[in-house]
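# For reference, the sequence and a predicted model appear below.
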Amino acid sequence: MLPLAGLTLAATLVLASCSGDAEEPIDDGGTGATEAAPTEESTAPSEEPPSADDTESSPDNTEGSEGSDSDDEYVPASADEPAQNVPKPDLPEVAAEKTEDGVEAAVEYFWEADWYLASTGEPEPFEAIFRESCNFCTNDVSYFGDVYASGAWYDNEPDEVSDLSVDLTSETEATAHMAMHQSPNAMYRPNGEKAGSQPAIHDVMWTLELSHQGGRWKVESATSVEGSGSEGEAYVD
């Protein structure tokens, strides 16, 4: 298995997760299409994000909570509060190289940045690695931005990539194929009420199309199809 680079956190490290309470699956279009042809889709659940009216009894949503041992220590999300001091991913220099190593570095960063978005609602690291043609990407930015703006949050762990292969179709175009173990996740409303959850899903096959422009590889599209080893239903719009 290829863990997402640099994010060896206490539990499991794009894409939104908690314990496997599957009573209310979140309809999250991002991590699994149908078993037919792959389609580009979003990890964002189809539920509407909680309204700002729920924020009266919202837990403190500021970084560096008193419960942490250090102002800079990463504190995973829980049912009580969102994650604190989430480590921001760094885009490695090798992602600029027109090589298989460069594409692999860009793909690994892509998933790290998507997990950071799902954990914080902050889009900047993720936006640095995709183009507007990537519907999956723009949908995730919009959805998680709305979730965190409302005061809600995700209790999530990073996903794990395996069997990553790269095909350089030209000097400036590439296709990457991979399998994904998608971690379980849960969303909490501003008042601490669980909005829904999603169990882990194994062997979700992803294809990323990338192009090299402006000095780095960027994702043009991201498509997925559920594999045979899933523990639950894939997110479907």
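Received, thanks. Computed from a predicted structure; not experimentally measured.

# ok, residue 219 touching residue 110?
Yes - between residue 219 and residue 110 there is a contact under Cβ atoms under 8 Å: 5.6 Å. Placement of C-beta: from N, CA and C, glycine included.

# strands paired with the longest strand seen in the chain, and their directions?
Looking across the chain with DSSP state E, the single longest strand is strand 201-213. Sheet pairing for strand 201-213, assigned by DSSP bridges, gives strand 173-182 (antiparallel), strand 216-225 (antiparallel).

# JSON lines please, covering these and showing distance to residue 95 and mean pLDDT.
Listed next are these as JSON lines, based on distance: least, Cβ to Cβ, whole Å; pLDDT from 0 to 100:
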{"stretch": "strand 173-182", "distance to residue 95": "12", "mean pLDDT": "96"}
{"stretch": "strand 216-225", "distance to residue 95": "5", "mean pLDDT": "95"}
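
# Can you dump the C-alpha atoms of the host helix or strand of residue 111 in CSV for me?
Taking DSSP states H and E as the criterion, residue 111 maps to helix 100-120. Taking Å, rounded to 0.1, in the frame of the first residue of the first chain, the C-alpha atoms of helix 100-120 are listed here in CSV:
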residue,chain,number,x,y,z
GLU,A,100,6.5,9.5,-14.0
ASP,A,101,8.0,10.5,-10.6
GLY,A,102,6.6,14.0,-11.2
VAL,A,103,3.1,12.7,-12.0
GLU,A,104,3.1,10.4,-9.0
ALA,A,105,4.1,13.3,-6.7
ALA,A,106,1.3,15.4,-8.1
VAL,A,107,-1.2,12.6,-7.6
GLU,A,108,-0.2,12.0,-4.0
TYR,A,109,-0.4,15.7,-3.2
PHE,A,110,-3.8,15.8,-4.9
TRP,A,111,-5.3,13.3,-2.4
GLU,A,112,-3.5,14.9,0.6
ALA,A,113,-4.9,18.3,-0.4
ASP,A,114,-8.4,16.9,-0.9
TRP,A,115,-8.3,15.4,2.6
TYR,A,116,-7.1,18.8,4.0
LEU,A,117,-10.1,20.4,2.3
ALA,A,118,-12.5,17.9,3.7
SER,A,119,-10.9,18.4,7.2
THR,A,120,-10.9,22.2,7.2
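
# all numbers from here: first residue = 6
Yep, numbering from 6; the last one is helix 105-125 now.

# So which elements touch that helix?
With contacts taken as 3 or more Cβ pairs under 8 Å, 6 or more residues apart in numbering; DSSP states H and E, helix 105-125 sits against helix 129-132, helix 140-154, strand 158-161, strand 165-175, strand 178-187, strand 206-218, strand 221-230.

# Mind checking those for the one nearest to residue 76?
strand 158-161 (19.5 Å; Cβ to Cβ).

# That closest one - which strands sit beside it in the sheet, and in what orientation?
For strand 158-161, the pairing partners within the sheet under DSSP bridges are strand 190-193 (antiparallel).

# following the partner strand, which helix or strand comes up?
Following strand 190-193 in sequence, per DSSP H and E, is strand 199-203.
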